[in-house]
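Engineer: Fold the following.
(one chain, ligands or ions: 2)
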Amino acid sequence: MVDLSKGRIIAVNGPLVTCEIGQGVDVLQNEVAYVNCQGTLLKSEVIRVRGRQVDMQVFESTTGMTVGDEVEFSGQLLSATLGPGILGMIYDGLQNPLTQLENDQNFFLKRGQYLNALDEEKKWEFTPSAKEGAIVKAGQYLGSVPESLFKHHITVPLALLGTWKIIKIMPPGSYKLSDTIALLKNTDDGHELSVTFKQEWPVKMPVRAYKERLLPNRQLLTQCRLIDVFFPLAEGGTSCIPGPFGAGKTVLQQIISRYAEADVVIIVACGERAGEVVETIREFPELEDPKTGGSLMNRTVIICNTSSMPVAAREASIYTGVTIGEYYRSLGLKVLLLADSTSRWAQALRESSARLEEIPGEEAFPAYLESRIAAVYERAGLVRLNDGDTGSLTLIGTVSPAGGNFEEPVTQNTLKVVGAFYGLSRSRSDQRRYPAIDPLISWSLYLRQMQESLEERHPGWVTLVEEVHRLLYAGSEVHQMMLVVGEEGIALDDLVIYLKSEIVDAVCLQQDSFDTVDRATSLERQVSDFLLLMEMVRLQFTFADKEEARREMTALHNCFFQMKYCPFQGEAYQKYRGEIESVLARQGADRK
Ligand code: ADP
Ligand code: MG
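Structural biologist: Ligands and ions are numbered 1, 2, ... in the order given. Predicted structure coming up:
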């Protein structure tokens with residue numbers, strides 16, 4: 001008799017293996033299988049089924065694997081384990097916790113070693129909130145346990161279809177991850193199911209256990225002025241940060257992960273350099289959470305892969321991250337996911353596709369690159385949950401195009417789906433104008449989309465932002481001209497435009513990530529400082545000649561520059577602000 005869950009390897013091609021299955025064996029796309037390689041079971045994922053031949057990618061080195069090795073299919077799709085205790089964890093792409101290995105394994109697992117994603121022994125204080133007899137559906141809250149700073153709701157499993165009656169719910173008390181905390185009965189067919197704190201979700205499928213998707217129309221504050229003021233990000237929105245190597249993508253993501261106003265931050269680190277990921281793992285737990293003073297790790301999850309790990313594991317990491325993000329969103333939280341760099345992930349796709357001998361598209365990326373990228377970014381969003389709360393998942397991905405050429409397929413396909421584009425430029429990073437987001441090429445669709453909520457802070461806000469965008473373009477044109485004809489060759493008015501744009505650049509766009517005051521700017525301060533800056537931008541200065549223009553504008557420049565390093569509304573801040581206001585008032589009076 002044939003074993004209906006087994007097959008045998010017929011070809012090994014690097015991380016891609018092909019196995020043959022017998023008549024009647026049913027294999028699912030994305031099903032997990034284990035290859036028995038000299039007694040060690042190696043985890044793999046089915047990526048193509050053609051008749052009785054099954055192609056699988058192995059998440060481990062396939063050294064020693066030979067034709068004839070036995071394959072066992074699990075019947076389960078590649079899934080993430082979800083439940084309380086994810087926060088603070090550092091996982092690899094398959095959700096093996098790396099924190100536990102820190103000492104003995106030096107961050108790397110032995111081949112064939114897989115660990116529980118969550119602590120099965122830990123007890124959680126459960127408080128029920130739903131009532132016996134209530135009719136519920138997927139995603140509705142049954143109760144909660146405290147996890148770090150907030151209530152971690154325990155939901156009706158996200159995968160359940162139809163409506164269910166709560167026939168039993170456990171009283172308050174401490175329970176382990178796999179203890180039954182509720183019994184549900186299907187209202188149609190009467191079948192019963194016990195609910196625990198833990199659930200599984202197939203990583204490549206979006207979670208849909210919510211009432212509706214909402215248009216992202218609220219800002220997610222990052223405290224980075226260039227983003228918040230010029231190219232705002234929406235809660236539940238998406239953005240892409242492409243930039244050449246060394247332009248500051250990783251540093252920018254780290255700043256955002258620390259200061260953005262999110263409840264939960266998920267970092268998917270597909271390192272460019274092998275050491276980079278280890279640095280992230282070492283440094284992050286030491287960082288202080290600016291919101292609470294506790295460890296930043298309490299609200300962070302890190303999923304990491306280095307370029308030295310097998311490609312399949314790298315590909316999985318982004319899906320694992322997004323799935324964890326959707327899970328915390330379904331608990332009514334504001335989740336921010338940062339993926340650095342998605343180019344590594346796309347390269348993993350390219351590698352698998354080449355091994356499958358698929359017809360290559362542009363730059364040898366598979367033709368389905370665009371739809372894969374879209375499928376990941378589409379999982380972000382602001383949603384109304386079945387219980388009425390809202391939750392959001394905001395996604396920011398970096399792209400590292402070779403040579404900083406934004407025309408390549410990964411950047412281009414990402415730009416088609418995201419709502420904001422923060423393009424880093426080599427020339428700005430060379431001039432150490434950090435963050436090196438180039439204001440002349442970047443954009444955010446959310447500026448207009450969020451107009452109503454942005455203008456609650458100040459009427460006409462969006463118009464002001466668009467006006468300063470125009471000033472930056474004009475300033476750059478004058479600058480180009482000056483490079484050719486020198487300062488003597490341009491008109492006085494043009495010089496003033498240029499000097500104004502330089503002030504905007506220095507005091508608003510550039511932000512010093514090493515300065516304790518400047519590195520993060522609160523909303524209140526952003527609004528107040530920006531409005532003052534705009535008074536300067538809008539003022540028609542009257543100067544006798546270029547020399548006077550230079551002198552006066554340099555003095556203003558200095559005041560603004562000093563002010564940005566002073567604590568908001570402190571004595572020094574007020575002093576510089578007063579000086580600026582009096583110069584602006586004098587210039588304004590001169591006009592009359
Ligand atoms: P990328 O990830 O794009 O390759 P990194 O983020 O690693 O680049 O940045 C490279 C270097 O540039 C950093 O080590 C740092 O010295 C400098 N840098 C980048 N961003 C900033 C910033 N905001 N402030 C100060 N220095 C920065
Ligand atoms: Mg980097």
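
Engineer: Find the closest residue to ligand 2 in the stretch 451-592 of the chain.
Structural biologist: With CB to the ion, the shortest gap between the stretch 451-592 of the chain and ligand 2 falls at residue 513, namely 14.4 Å. Quick note: C-beta positions are derived from backbone N, CA and C, even for glycine.

Engineer: What of the chain?
Structural biologist: Using CB to the ion, the closest approach of the chain to ligand 2 is made by residue 250 at 3.2 Å.

Engineer: Doesn't that residue belong to a helix?
Structural biologist: Yes. According to DSSP: H, G, I helix; E, B strand; the rest coil, the state of residue 250 is that of a helix.

Engineer: Could you tell me which residues within the worst-scoring helix or strand of the chain on mean pLDDT count as buried?
Structural biologist: Lowest on mean pLDDT, DSSP states H and E among the helices and strands of the chain sits helix 274-283, with a mean of 73. Across helix 274-283, burial judged by 16 or more other CB atoms under 10 Å covers 276-278, 280-281.

Engineer: same for that helix, what does it pack against?
Structural biologist: When contacts are defined as 3 or more CB pairs under 8 Å, 6 or more residues apart in numbering; DSSP states H and E, helix 274-283 packs onto strand 264-270, strand 300-305.

Engineer: Of those strands, flag the one that's most buried.
Structural biologist: Ranked by mean neighbour count, the helices and strands packed on helix 274-283 are led by strand 264-270 with a mean of 27 (mean count of other CB atoms under 10 Å).

Engineer: which other residues reach it?
Structural biologist: If you take CB atoms under 8 Å, 6 or more residues apart in numbering as the criterion, strand 264-270 is touched by 87, 253, 257, 276-277, 280, 284, 299-307, 314, 317-318, 320-321, 324-325, 328, 333-342, 344-345.

Engineer: Let's see that with 6 Å instead.
Structural biologist: 257, 277, 280, 299-305, 314, 317-318, 321, 324-325, 328, 333, 335-340, 344-345 (CB atoms under 6 Å, 6 or more residues apart in numbering).

Engineer: so how far is it from its chain's centroid?
Structural biologist: 6 Å (CA atoms, centre = their mean, to the nearest Å).

Engineer: Return the per-residue confidence for the closest residue to residue 392 other than its chain neighbours.
Structural biologist: Spatially, and ignoring its direct neighbours in sequence, residue 392 is nearest to residue 236 (3.9 Å; CB to CB, 6 or more residues apart in numbering). On pLDDT, residue 236 comes in at 98.

Engineer: Give me the phi and psi angles of residue 236.
Structural biologist: Phi and psi for residue 236, reported as degrees, to the nearest 10, are phi 90, psi 10.

Engineer: quick one: it and residue 216 touch, right?
Structural biologist: Yes. At 4.2 Å, residue 236 counts as touching residue 216 under the criterion of CB atoms under 6 Å.

Engineer: Looking at these two, which has the bigger crowd around it?
Structural biologist: Ranked by neighbour count (other CB atoms under 10 Å), residue 236 and residue 216 place residue 236 first, with 27 against 23.

Engineer: which residues touch the more buried one?
Structural biologist: 216, 381-382, 392, 394.

Engineer: nearest to ligand 1, of those residues?
Structural biologist: residue 394 (19.9 Å; CB to the nearest ligand atom).

Engineer: secondary structure class for that closest one?
Structural biologist: Judged by three-state DSSP, the three-state class of residue 394 is strand.

Engineer: I'd like the distance between the closest residue to it other than its chain neighbours and ligand 1.
Structural biologist: Nearest residue to residue 394, sequence neighbours excluded (CB to CB, 6+ apart): residue 336, at 4.9 Å. Computed with CB to the nearest ligand atom, to the nearest Å, the distance linking residue 336 and ligand 1 is 18 Å.

Engineer: Tell me how far the strand or helix carrying residue 336 lies from the chain's centre.
Structural biologist: Assigned by DSSP states H and E, residue 336 belongs to strand 334-340. Mean-position distance between strand 334-340 and its chain equals 2 Å (CA atoms, centre = their mean).

Engineer: so after it, what's the next helix or strand?
Structural biologist: Later in the chain than strand 334-340, the nearest helix or strand by DSSP H and E is helix 342-355.

Engineer: Which residues of the stretch 101-250 of the chain lie near ligand 1?
Structural biologist: By the rule CB under 6 Å from any ligand atom, the part of the stretch 101-250 of the chain lying against ligand 1 is 243, 245-250.

Engineer: Pull out the buried members of those.
Structural biologist: For those, buried by 16+ other CB under 10 Å: 243, 246-250.

Engineer: Could you report the neighbour count for the residue nearest to residue 207 when sequence neighbours are not counted?
Structural biologist: Ranked by CB to CB, 6+ apart and with sequence neighbours excluded, the top spatial neighbour of residue 207 is residue 326, at 4.1 Å. Neighbourhood size, residue 326 [other CB under 10 Å]: 28.

Engineer: ditto for residue 203
Structural biologist: When neighbours are counted by other CB under 10 Å, residue 203 comes out with 24.

Engineer: Please apply the same query to residue 13.
Structural biologist: Number of residues near residue 13 (other CB under 10 Å) recorded here: 12.

Engineer: got a list of what it touches?
Structural biologist: Taking CB under 6 Å, 6+ apart as the test, what residue 13 contacts is residue 355.

Engineer: what are the phi and psi values for it?
Structural biologist: Per degrees, to the nearest 10, the backbone of residue 13 is at phi -130, psi 80.

Engineer: Please name the bridge partners of it.
Structural biologist: For residue 13, the beta-bridge assignment (DSSP bridges) gives partners residue 16.

Engineer: rewinding a little: dump the buried ones among the residues of the stretch 101-250 of the chain next to ligand 1 into a markdown table; add pLDDT as well.
Structural biologist: Formatted as a markdown table, these follow (pLDDT from 0 to 100):
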| residue | pLDDT |
| --- | --- |
| 243 | 93 |
| 246 | 88 |
| 247 | 92 |
| 248 | 91 |
| 249 | 92 |
| 250 | 88 |
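
Engineer: Among those, which one sits closest to residue 447?
Structural biologist: Lowest distance from residue 447 to these (CB to CB) belongs to residue 243, with 21.1 Å.

Engineer: what sits opposite the closest residue to the closest one other than its chain neighbours in the beta ladder?
Structural biologist: Distances taken as CB to CB, 6+ apart put residue 424 closest to residue 243, at 2.8 Å, once the chain neighbours are dropped. Assessed by DSSP bridges, residue 424 has beta-bridge partners residue 437.

Engineer: Pull the residues that contact the longest helix seen in the chain.
Structural biologist: Longest helix of the chain, by residue count under DSSP state H: helix 461-485. With contacts defined as CB under 6 Å, 6+ apart, helix 461-485 is touched by 439-440, 451, 454-455, 490, 494, 497-498, 501, 534, 537.
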